[in-house]
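Chemist: kindly return the folded structure for what I paste below:
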Amino acid sequence: MPEGWPERGTVVRGTVSEIHNFGVFVRLEGDPEGSPGTGFIRIPELTWDYFRDPADVVRPGQQVTGEVLDYDDTRGQVQLSLKALQEDPLVAFEDRVGEVLSGPVVRVLPFGVFVLVAPGIAGLLHESVLTWQPAMGETVSVTIAEVDRPQRRVRLELAPTR
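Modeler: A predicted model of the protein is given here:
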């Protein structure tokens, strides 16, 4: 890492300068305007919460605090994570196996649908357990079948009907 840049794990502050579908640029505090050294946040590092557009998470001019992940010599950017400073929602969720929850379908794929079962947690309802094709936004009742923290996966089953 170049001299004077923050080390990995350091918490830094900055101002969101640009938002794109591939990531967010941040002008770091103490970094002169126009300097090649800026912060960059990849989309997966913004938040644990489910979102479709990074503009739903941050806005230009907003002050943010992030953890330094690395330094990209080629681009002259400090790679940041806002998510690293947030509590991982799966930690508190892994003891909920067997619980019945309802949530909206947030993604439809050829092999199943993802259902938002808690803030920051979307689980897979595999096509093999579906008796119909739920639509985007449709609320589905599911049972938490498995929480795999190392793989960051939540497997769902259809909730029993009454």
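Chemist: only C-alpha atoms for contact and neighbour calcs from this point on.
Modeler: Noted.
Chemist: and for V117, the neighbour number?
Modeler: When neighbours are defined as other Cα atoms under 10 Å, V117 has 22 of them.
Chemist: ok so it is a strand residue?
Modeler: Yes - assessed with DSSP: H, G, I helix; E, B strand; the rest coil, V117 lies in a strand.
Chemist: nearest residue to it other than its sequence neighbours?
Modeler: G103 (5.1 Å; Cα to Cα, 6 or more residues apart in numbering).
Chemist: give me the buried positions along the helix or strand of the chain with the lowest mean pLDDT.
Modeler: The helix or strand of the chain with the lowest confidence, counting by mean pLDDT, DSSP states H and E, is helix 89-93 at a mean of 89. By neighbour count with 16 or more other Cα atoms under 10 Å, helix 89-93 contains the buried residues L90.
Chemist: buried sites along the next helix or strand after it?
Modeler: The helix or strand immediately downstream of helix 89-93 is strand 100-109, counting by DSSP states H and E. For strand 100-109, a neighbour-count test (16+ other Cα under 10 Å) marks V100, L101, S102, G103, P104, V105, V106, R107, V108 as buried.
Chemist: pretty sure the second one contacts L156?
Modeler: Meaning L101. No - with the criterion set as Cα atoms under 8 Å, L101 and L156 do not qualify as a contacting pair; they are 9.9 Å apart.
Chemist: what sits in contact with each of these two?
Modeler: Any residue near both L101 and L156 by Cα atoms under 8 Å, 6 or more residues apart in numbering counts here, and that gives V142, T143, I144.
Chemist: so which of these wins on neighbours?
Modeler: I144 (24 neighbours).
Chemist: and the contacts of stretch 147-162?
Modeler: 90-91, 93-94, 97, 100, 121-126, 129-130, 140-146.
Chemist: now, which of these lie within strands?
Modeler: The members of those that map onto strands under DSSP state E are 100, 121-126, 140-146.
Chemist: check the offset of the strand or helix carrying V154 from the chain's centre.
Modeler: When secondary structure is defined using DSSP H and E, the element that contains V154 is strand 153-158. Averaging C-alpha positions (Cα atoms, centre = their mean, to the nearest Å) puts strand 153-158 18 Å from its chain's average.
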